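S.K.: how does the following fold in three dimensions:
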Amino acid sequence: MPDQPVFFADGILEASVNYGVTRITLAQTGPDGKPVPCGQLMIPVVQMPAFANGVLALLKQIDAKVKQAQQAAAPAEPPPAATPVPGSFRFSG
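M.R.: This is a model prediction of the structure:
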């Protein structure tokens, strides 16, 4: 894959639609705990349903991997306070 910008975001600061384009301002948690903008995702409105469906499919796959990891844990152990997400896996989409 050619070099492309990479953004780490842990939230959405704001979103708007102008002239058929959805603009989603991505956010990171700043040092003071408040969200700060880190980039903007622009998607044509007509592509939003396909994009959203892709994200939902991704979430379902993540959920399945987490449940698979939970089932692989020894049943005699109490469940951990926070379920870890497997370190690495690929998604089909």
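S.K.: what about the helices in this protein?
M.R.: Here the chain has its helices, by DSSP state H, at 48-72.
S.K.: pLDDT-wise, which helix or strand of it ranks last?
M.R.: Scoring the helices and strands of the chain by mean pLDDT, DSSP states H and E places helix 48-72 at the bottom, with a mean of 91.
S.K.: near Leu26, how many other residues are there?
M.R.: Residues lying near Leu26 (other C-beta atoms under 10 Å) number 19. C-beta here means a position set from N, CA and C on the backbone, and glycine is covered the same way.
S.K.: check contacts around it.
M.R.: Each residue near Leu26 by C-beta atoms under 8 Å, 6 or more residues apart in numbering is listed here: 7, 9, 11-13, 37-41.
S.K.: is it in a bridge, and if so with what?
M.R.: Ile12, Gly39 (DSSP bridges).
S.K.: and Leu26, how far from Gln68?
M.R.: 29 Å (C-beta to C-beta, to the nearest Å).
S.K.: hang on, I meant Leu56
M.R.: The value you get for Leu56 to Gln68, if C-beta to C-beta is used, is 19 Å.
S.K.: many thanks, I have nothing further to ask.
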